[in-house]
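S.K.: take a look and give me a structure for this.
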Amino acid sequence: MPRKGVISALAEELGVLMSEDSSKRKGKSLEKVAKCLSKLRIALYGSAVSSPVSAEQQAAVVEELIRSADAIIPSLLSLLRDLDFEARKDTGLVFTALIHHRDGKGVAGGMQYIQNNPSILGSLADSYCDGVVHSQVSEMLHQCVQHDELCQMICKNQNVYYAFFTWMKMPDFAVCADAFQIFQDMHILHPERFALFMQDNPDEFWKHYRELFASENFVTKHQSLEVLYNILQKHEYRAVRAHYLRFGKNLATTMTYMADDSKKIQYSAFCLFKMFVLSPEKSPSVRKVLVLNRDKLLRFLQSYQLAREDEKFTAEKETLIDILDQLEE
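M.R.: Okay, here's the model as predicted:
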């Protein structure tokens, strides 16, 4: 079936499934949708037994798909749970080809389509925690955050942005870990965008982030420390970093986790702790916490070891010890 025929057939069957009397033909239509998605995936990516698909061929398929996107993309997302596993995987691959496509003039038509239809991001967010479709939805969201324009949409739709904090506290490992990965990637890939967002919304952002620190979930505790450190290291977050390092209560929380039973949590907390000690401009509250706990901190640093000997780590500890020794009350 030519690509136009596949796309039109897919749109037709999705239309049937979305109609009021879909129950009469649901099983048969779902089978037809799955077959169309399989053919569309082969048209986009090729198969083990077909010739490789050229960039020009893939572009032609995607451009035809964009022209029919209104009839296809929202319906696929709405019906994703009803599709079988292979069809859900094919939906994710079609979505990926669509969102990353640029035409001969450099116009990102698929990405623009999602910009013009913000409900698509909302649909992905709404179904993120559904265990049946989580794997595919998570990957589609991951593809979305590669684009600064779509991250701008996430910043504007704060319901989607702050949904990440709910997901990052979920007990399901995949839901929680994937949320942290997407959250970190979008902040690392688009630092100017998210640094500005965090500066404009400091109270709300840090309220949500402190809730992550308070979690009893091991993955949440560990990743909240590690991801924050990875973000704050970047130069673009220097104002955000300065804000965080100004508060003694943030230092106290970090020090609590340095005493955790988990070596991973200890080390992630230690990395944040370094930022407080190495900061040349310590606020009175941070200085007070360091001075009051100096003896305990020195004993900890002198005995703290990694599983493997590391010269850089040893040098860092010596620097921290020197700074704490010389810190004036």
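
S.K.: could you tell me how far the helix ranked longest in the chain lies from the centre of the chain?
M.R.: Taking DSSP state H as the criterion, the chain has its longest helix at helix 26-45. From the chain centre to the centre of helix 26-45 is a distance of 29 Å (C-alpha atoms, centre = their mean, to the nearest Å).

S.K.: using CSV, list the CA coordinates for that helix.
M.R.: C-alpha atoms of helix 26-45 as CSV (Å, rounded to 0.1, in the frame of the first residue of the first chain):
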residue,chain,number,x,y,z
LYS,A,26,-13.5,-1.9,18.0
GLY,A,27,-11.5,-5.2,17.8
LYS,A,28,-11.3,-5.2,14.0
SER,A,29,-10.5,-1.6,13.8
LEU,A,30,-7.7,-1.9,16.4
GLU,A,31,-6.2,-4.7,14.3
LYS,A,32,-6.3,-2.5,11.2
VAL,A,33,-4.7,0.4,13.1
ALA,A,34,-1.9,-1.9,14.3
LYS,A,35,-1.3,-3.1,10.7
CYS,A,36,-1.2,0.5,9.4
LEU,A,37,1.2,1.5,12.1
SER,A,38,3.5,-1.4,11.2
LYS,A,39,3.5,-0.4,7.5
LEU,A,40,4.1,3.2,8.5
ARG,A,41,7.0,2.3,10.7
ILE,A,42,8.6,0.3,7.8
ALA,A,43,8.0,3.2,5.4
LEU,A,44,9.8,5.5,7.9
TYR,A,45,12.6,3.2,9.1
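
S.K.: in it, what's buried?
M.R.: In terms of neighbour count (16 or more other C-beta atoms under 10 Å), helix 26-45 has its buried residues at 29-30, 32-45. The way it works is simple: take the backbone N, C-alpha and C, and place the C-beta from them, glycine included.

S.K.: can you tell me the element Gln181 falls in?
M.R.: helix 173-189 (DSSP states H and E).

S.K.: now swap in Gln112 and tell me
M.R.: Gln112 belongs to helix 109-116, assigned by DSSP H and E.

S.K.: spatially central residue for this structure, please.
M.R.: The chain has Ile182 as the residue nearest its centroid, 1.2 Å off, counting by C-alpha atoms, centre = their mean.

S.K.: look up how far Val227 lies from that residue.
M.R.: 11 Å (C-beta to C-beta, to the nearest Å).

S.K.: quick one on the thing from earlier: quick check: mean pLDDT of the helix holding Gln112?
M.R.: The average pLDDT within helix 109-116 is 88.

S.K.: what distance separates the helix or strand following that helix from the centre of its chain?
M.R.: Next along the chain after helix 109-116, taking DSSP H and E as the criterion, comes helix 119-127. Mean-position distance between helix 119-127 and its chain equals 14 Å (C-alpha atoms, centre = their mean).

S.K.: who touches the helix or strand following helix 119-127?
M.R.: Next helix or strand after helix 119-127 toward the C-terminus (DSSP H and E): helix 134-144. With contacts defined as C-beta atoms under 8 Å, 6 or more residues apart in numbering, helix 134-144 is touched by 80, 88-89, 91-92, 95-96, 99-100, 114, 121, 124-125, 127-128, 130, 150, 174-175, 178-179, 181-182, 185.

S.K.: which strands and helices sit next to the following helix or strand past helix 134-144?
M.R.: Following helix 134-144 in sequence order, the next helix or strand is helix 148-156 (DSSP H and E). The contact analysis (3 or more C-beta pairs under 8 Å, 6 or more residues apart in numbering; DSSP states H and E) places helix 148-156 against helix 109-116, helix 119-127, helix 158-167, helix 173-189, helix 191-200.

S.K.: surely Lys169 meets Ala214?
M.R.: No. Counting by C-beta atoms under 8 Å, Lys169 does not reach Ala214; the two are 9.4 Å apart.

S.K.: which of these two has more residues huddled nearby?
M.R.: Ranked by neighbour count (other C-beta atoms under 10 Å), Lys169 and Ala214 place Lys169 first, with 20 against 11.

S.K.: for the more buried one, which three-state class applies?
M.R.: Here Lys169 is recorded as coil under DSSP: H, G, I helix; E, B strand; the rest coil.
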